[in-house]
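Engineer: Show me how the following folds:
(one chain, ligands or ions: 1)
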Amino acid sequence: MAKTCPPTCASSVERQFQPSSSASDAFATITKEMSGMSILDNIEKQPVSQTASSSTNGSGCPDLEEAATSASCSNQWQVPEPNPNLYTGPYRGIGTAEDYGSGQLPPPKFSIAPMMEYTDNHYRYFARLLTRRTWLWTEMVVDSTINHKVGAEADRWLEFNVCQKPVVLQLGGSKPETLAAASKVARQYGYTELNLNTGCPSERVAGAGCFGAQLMQDPHRVAACTSAMAEASGLPVTVKCRIGVDDFDTYDWLCHFIRVVSENSPVRHFIIHARKAFLKGLSPAQNRTIPPLRREYALALARDFPHLRFTVNGVFKGCHDAAATYAEARELGFSNIEGIMVGRAAVDKPWTALADADRALFGVENPCRSRRHLIEQYLEYAKSAVGRDKPGLPSARQLMKPLLNLFHGERNCSLWKKSVDAALREHKTLEAVLAQSLPVLPEEVLDSPPPVLAPSQSPLLLQAPLPQCEEPQPNLGLGLDVRLGERAHELASEADKLVAGAA
Ligand SMILES: Cc1cc2nc3c(=O)[nH]c(=O)nc-3n(C[C@H](O)[C@H](O)[C@H](O)COP(=O)(O)O)c2cc1C
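Structural biologist: Numbers count the residues shown, from 1 in each chain. Model prediction:
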């Protein structure tokens, strides 16, 4: 991505954040009726100084300021403005890849991980209201699911609201021909990139014929699959993987995987979930907690494959950890640590994980000034989503799901959740559920600006000595910068000191 600075784009950023009067009015009326007061009255009264754009880093984390400053060229990135009614979907006659394929997107510095049952269209729209520049990912979609759908039914699986761009479609599969067919269909929807899942540890999935994490044991097949995906779609293709599988867990083995895939396919960007996977004996959830986290493996890969790009994933708490990690990677000399991916935190604590992302990572104004502001905009989306495919659907419960953890850790959060539960039993619309439940939350919680948090620990990447390849990697010379090799030795001794200090 080119990063030249335009004179200023502030006005276009500001333009994106105008609340819709129709949703505002409806929400205000309902709220007033239910609680005798208007939530929106307060939004209007909120002083400009409380908006996120004016927040300075009060947490004493200079890294974040630095990261934001280094990203100050970002206003040129073209991010579509949220519009509840604008979807991609060739069969609906709404749009094709060409309609949505142009425009300069922000770099993938920060992304929200693919999560089955969570990162659906509703969640992604919600996340996009919180951050305009974070890369969003779909849940994994199995190739055969796409290949069996035609026409409007394919739209229902693949369409997405245009504002979600940049958005990555993650495919699951293990056969080049079926992955190619699915990629060809997916291309028409305007996804930014495709990704192949080689990290899913589900025994069921792995058992269904070399699929998910089991694919890591067959890097030539991964190369064939990703080549076929790229050729059929014309889109960039990335791979999301673990750092090992079962007994195959040495750093040499991981290097072999990366080398074979990158040398035999167009894949140049790997998303490293920095734990190994156990295909037998651990559930997918246990596989996200029990195998030790080894983020330093991603750093070592960046050292050993300087011509490739890496995104690090695993237990980052949100945008502030991401900004600090990004800065740490650059301080260590690794500009090919391209991004940080956050999974569970983006669902469990979406406000703290995401609301300050545009400022902390991209140096631009955050789109949401408060959770009240966010809910107001999400409600506008929810209203337009109901009945799009089937009368009365999605249900209020489905639409409520992304909001459920919005007040995590705040006063009256559990009371709010109970109130939501009760309201969902009584009401069919999200407006009614919110109008009944929100009044239990303190005004200051609803109106507080995005929080600026210190990173959860330091360092975030260099937590142990970098592993070294014991076996020579025949083609590592490709593009290798000798200075990085020297730097690697320095890093190893820095890490040794760090570990000795901690002990
Ligand atoms: C509920 C859930 C569903 C997930 N589904 C997928 C998936 O569809 N594809 C995938 O590659 N990873 C999936 N993951 C793994 C995440 O993408 C991510 O790699 C993992 O949660 C580690 O990141 P975290 O520690 O930030 O959560 C899932 C994780 C969770 C918690």
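
Engineer: Could you use CA atoms for every contact and neighbour count after this?
Structural biologist: Will do.

Engineer: For the residue nearest the centre of the chain, give me phi and psi.
Structural biologist: Centroid-nearest residue in the chain, with C-alpha atoms, centre = their mean: Ile112, separated by 1.2 Å. Note on Ile112: backbone dihedrals following degrees, to the nearest 10 are phi -100, psi 120.

Engineer: so who does it touch?
Structural biologist: Thr134, Trp135, Leu136, Trp137, Met341, Val342, Gly343, Ala346 (C-alpha atoms under 8 Å, 6 or more residues apart in numbering).

Engineer: List the beta-bridge partners for it.
Structural biologist: Using DSSP bridges, the beta-bridge partners of Ile112 come out as Leu136, Val342.

Engineer: low-scoring pLDDT stretches of the stretch 201-350 of the chain, where are they?
Structural biologist: In the predicted model, the stretch 201-350 of the chain carries pLDDT under 70 at residues 203-210.

Engineer: ok, and the closest non-adjacent residue to Asp321?
Structural biologist: Using C-alpha to C-alpha, 6 or more residues apart in numbering and skipping residues adjacent in sequence, the residue nearest Asp321 is Pro455, 4.7 Å away.

Engineer: actually Met140, sorry about that
Structural biologist: Here the residue nearest Met140, using C-alpha to C-alpha, 6+ apart, is Gln170, at 4.8 Å.

Engineer: repeat for Leu430
Structural biologist: The shortest distance from Leu430 to any non-neighbouring residue, by C-alpha to C-alpha, 6+ apart, is to Ala396 (4.9 Å).

Engineer: if you look at the host helix or strand of Gly339, does any of it touch the ligand?
Structural biologist: Secondary structure from DSSP states H and E places Gly339 in strand 337-342. Yes: interface with the ligand: strand 337-342 contributes Val342 (C-alpha under 6 Å from any ligand atom).

Engineer: do you know how far the residue nearest to the centre of the chain is from Ala232?
Structural biologist: Distance of Ile112 to Ala232, given as C-alpha to C-alpha, to the nearest Å: 26 Å.

Engineer: What degree of burial does the residue nearest to Met140 show, as a neighbour count?
Structural biologist: Residues lying near Gln170 (other C-alpha atoms under 10 Å) number 24.

Engineer: Just the C-alphas of the helix or strand hosting Ala329, formatted as PDB.
Structural biologist: Of the helices and strands defined by DSSP H and E, Ala329 is found in helix 319-331. What follows is helix 319-331 as a C-alpha-only set of coordinates in PDB (Å, rounded to 0.1, in the frame of the first residue of the first chain):
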ATOM      1  CA  CYS A 319      -6.300  -2.300  20.200                       C
ATOM      2  CA  HIS A 320      -3.900  -0.900  22.900                       C
ATOM      3  CA  ASP A 321      -2.000  -4.200  23.100                       C
ATOM      4  CA  ALA A 322      -2.000  -4.200  19.300                       C
ATOM      5  CA  ALA A 323      -0.600  -0.700  19.000                       C
ATOM      6  CA  ALA A 324       2.100  -1.600  21.600                       C
ATOM      7  CA  THR A 325       3.000  -4.800  19.800                       C
ATOM      8  CA  TYR A 326       3.200  -3.100  16.500                       C
ATOM      9  CA  ALA A 327       5.500  -0.500  18.000                       C
ATOM     10  CA  GLU A 328       7.600  -3.200  19.700                       C
ATOM     11  CA  ALA A 329       8.000  -5.100  16.400                       C
ATOM     12  CA  ARG A 330       9.300  -2.000  14.700                       C
ATOM     13  CA  GLU A 331      11.600  -1.100  17.500                       C
END
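
Engineer: tell me what it is packed against?
Structural biologist: Helices and strands in packing contact with helix 319-331 are listed as helix 62-70, strand 337-342, helix 350-354, helix 357-362; criterion 3 or more C-alpha pairs under 8 Å, 6 or more residues apart in numbering; DSSP states H and E.

Engineer: swap the cut-off to 7 Å and go again
Structural biologist: helix 62-70, strand 337-342, helix 357-362 (3 or more C-alpha pairs under 7 Å, 6 or more residues apart in numbering; DSSP states H and E).

Engineer: Show me what residue of the stretch 351-500 of the chain gets nearest to the ligand.
Structural biologist: For the stretch 351-500 of the chain, the residue closest to the ligand is Ala353, as judged by C-alpha to the nearest ligand atom, at 10.4 Å.

Engineer: who's in contact with the nearest residue to that residue once chain neighbours are set aside?
Structural biologist: Distances taken as C-alpha to C-alpha, 6+ apart place Gly318 nearest to Ala353, at 3.8 Å, with adjacent residues excluded. In this structure, Gly318 makes contact with Val342, Ala345, Ala346, Thr352, Ala353, Leu354, judged by C-alpha atoms under 7 Å, 6 or more residues apart in numbering.

Engineer: For those, please prepare JSON lines with the additional fields distance to Arg221.
Structural biologist: Output for the contacts of Gly318, formatted as JSON lines (distance: C-alpha to C-alpha, whole Å):
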{"residue": "Val342", "distance to Arg221": "28"}
{"residue": "Ala345", "distance to Arg221": "32"}
{"residue": "Ala346", "distance to Arg221": "32"}
{"residue": "Thr352", "distance to Arg221": "40"}
{"residue": "Ala353", "distance to Arg221": "36"}
{"residue": "Leu354", "distance to Arg221": "36"}
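
Engineer: Reformat the residues you listed into CSV and put neighbour count and distance to Ser384 next to each item.
Structural biologist: As requested, those are exported to CSV (neighbours: other C-alpha atoms under 10 Å; distance: C-alpha to C-alpha, whole Å):
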residue, neighbour count, distance to Ser384
Val342, 25, 29
Ala345, 19, 28
Ala346, 25, 24
Thr352, 22, 27
Ala353, 28, 27
Leu354, 30, 24
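
Engineer: which one of these sits closest to Pro450?
Structural biologist: Thr352 (7.1 Å; C-alpha to C-alpha).

Engineer: Go ahead and confirm the closest one touches Pro451.
Structural biologist: Yes: at 6.2 Å, Thr352 and Pro451 qualify as touching, with contact defined as C-alpha atoms under 7 Å.

Engineer: which residues touch stretch 235-248?
Structural biologist: The contact list for stretch 235-248 (C-alpha under 7 Å, 6+ apart) reads 193-199, 213, 226, 230, 249, 254, 267-279.

Engineer: number of nearby residues for the residue in the stretch 51-200 of the chain positioned nearest to the ligand?
Structural biologist: Among all residues of the stretch 51-200 of the chain, Met115 sits closest to the ligand, at 3.3 Å; criterion: C-alpha to the nearest ligand atom. Using other C-alpha under 10 Å, Met115 is surrounded by 16 other residues.
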